[in-house]
Each structure stands twice: as structure tokens, then as C-alpha cells.
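1. Need a 3D model of the sequence below.
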Amino acid sequence: MAVSLKLGPWSVKASSELWSVDDTSPEPVLQLTGHTQVEHIRDSQVALIDWDGSDYSLEAEMHFITCHLDDPTAGWFGFALRAQDFFNYEVVWFIPGAPRGFTVAYVPVAHGIVPWWSEGYETQEKGTVPIPRDNWFKARADVQKGRFSIYVNDQFVFEKRLTYYLESGRPGFFVGTATDAKFRRVQVRNLDG
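-> Below is the predicted model:
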């Protein structure tokens, strides 16, 4: 069931009622809590900003809350890029407790399936920039033409080609399997032309 939320100047459509906006702090915080589902293929949660375009910069501060798996330091969350809907988008996720050293990864999501088990995901170059488990960090995705660049705390992480061939779509946020996370200080800037 889709949920409509207001995050400062942004209207946001979220994929479920697990998403909310916390207005009790000095600034609004978009958060997903209570995400205890552990079905690894179709349990992603997405919140999309009501802004449609092809080339843009999406920036936000992010914070890992917890993971409801056996390892509470695991979990992944991040950006949904050029989203067509809640089931079709490109995703860049951040993994503060990554066991193999990588902390940033990319995968296209088609029809709601996040193919984290595929060879394309396993063999790709991943980012190793530090992602804090207990603190806010700033992340930015610059999406232009058929490529995107990722920055964490203003440090370049990687640039990749978008592989789902989505030419335009909404920016937003992704939270993966059994993970709770929050987002604030959201900015979207047009990079067209």
C-alpha cells in the first residue's frame, strides 16, 4: 500500500506504511522502521521524491538504525535512481557492516527483484569508503546521461554505467532486507543541459 508523505519541500510516495516522517527534531527525517521481513528477493522498501527528470544530483544525509537479521550490524540502504515505480529503478546501497570490505554497491532492480546473487553483482567493482554504523553520513549521486557517480562525505567513490537503460525517472531512497534507516537534508538539483 503506497503512502504519501511530506518531507520539507518534497512530496514523497513510499512503498509501505513502514515509512514515516519524524517531525520531532529541528528538521524533518524520513525513516523506515520495523522492517523485519526477511524474504531476500522482494522485500525492498522504496520512497520516491515527486520530481521527474533524467539528469540530476540527489544528496542526503543517511543513518543506519539496525538490521533485523542474525547480525544486527548488517543491512543496506541508499539511493533509488531513475525510478519508474516501486519495482523498477537503479539502486546504490551503503553497507556499514560489510563483511568483505566493500561498503558501497550498485545493482539494477527490475520487477521488484534485487539480483544480489548474480555474477554481475558479485564481480563488479564496489566502493570501500568508510560508512559509519552509529552516525550520520552525507551521500550524493550525480546521474547524467547513461552514467552515475557516487560520493560519500564529499569523497568520490566510483562512477558506473547505468545498466537498466532507464532514461528518466524519480530520485528516491531504498532500504533492503530487514534493515531500518533514516534520511535527512534531502536535496535534488537538476543537471539537465
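2. which residues does residue 53 contact?
-> Shown in contact with residue 53 (Cβ atoms under 8 Å, 6 or more residues apart in numbering): 168, 190, 192. C-beta coordinates here come from the backbone N, C-alpha and C atoms, glycine included.
3. what do you get for residue 2?
-> Contacts here follow Cβ under 8 Å, 6+ apart; on that basis residue 2 touches 13-16, 86.
4. what do you get if the cut-off is 10 Å, keeping everything else the same?
-> For residue 2, the contact set (Cβ atoms under 10 Å, 6 or more residues apart in numbering) comprises 13-17, 19, 48, 85-86.
5. What of residue 158?
-> With contact taken as Cβ under 10 Å, 6+ apart, residue 158 is in contact with 92, 104-106, 124-129, 148-151.
6. Kindly report the same for residue 96.
-> Counting by Cβ under 10 Å, 6+ apart, residue 96 makes contact with 62-64, 67, 73-77, 103, 130-135, 137, 181.
7. one step back: tell me which of the contacts of residue 2 fall in strands.
-> Helix and strand membership here follows DSSP state E; of the contacts of residue 2, those in strands are 13-14, 19, 48, 85.
8. now, the most widely separated pair of those?
-> Within the ones in strands among the contacts of residue 2, 19 and 85 form the most distant pair, 15.4 Å apart (Cβ to Cβ).
9. thinking again about what came up before, filter the contacts of residue 2 to the buried ones?
-> 13-16, 19, 48, 86 (16 or more other Cβ atoms under 10 Å).
10. With distance to residue 29 and pLDDT added, can I get the residues you listed in JSON lines?
-> Rendered in JSON lines, the data for the buried ones among the contacts of residue 2 read as follows (distance: Cβ to Cβ, whole Å; pLDDT from 0 to 100):
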{"residue": "13", "distance to residue 29": "17", "pLDDT": "97"}
{"residue": "14", "distance to residue 29": "14", "pLDDT": "96"}
{"residue": "15", "distance to residue 29": "18", "pLDDT": "93"}
{"residue": "16", "distance to residue 29": "17", "pLDDT": "92"}
{"residue": "19", "distance to residue 29": "11", "pLDDT": "96"}
{"residue": "48", "distance to residue 29": "17", "pLDDT": "97"}
{"residue": "86", "distance to residue 29": "21", "pLDDT": "93"}
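11. quick check, nearest of the ones in strands among the contacts of residue 2 to residue 114?
-> Nearest to residue 114 among the ones in strands among the contacts of residue 2, counting by Cβ to Cβ, is residue 85 at 14.7 Å.
12. That closest one bridge partners, please.
-> Under DSSP bridges, the beta-bridge partners of residue 85 are residue 88.
13. where does it land on pLDDT?
-> As predicted, residue 85 sits at a pLDDT of 94.
14. i'd like the first residue to be 36 from this point on
-> With 36 as the first residue, the last one maps to residue 120.
15. Perfect, that will be all.
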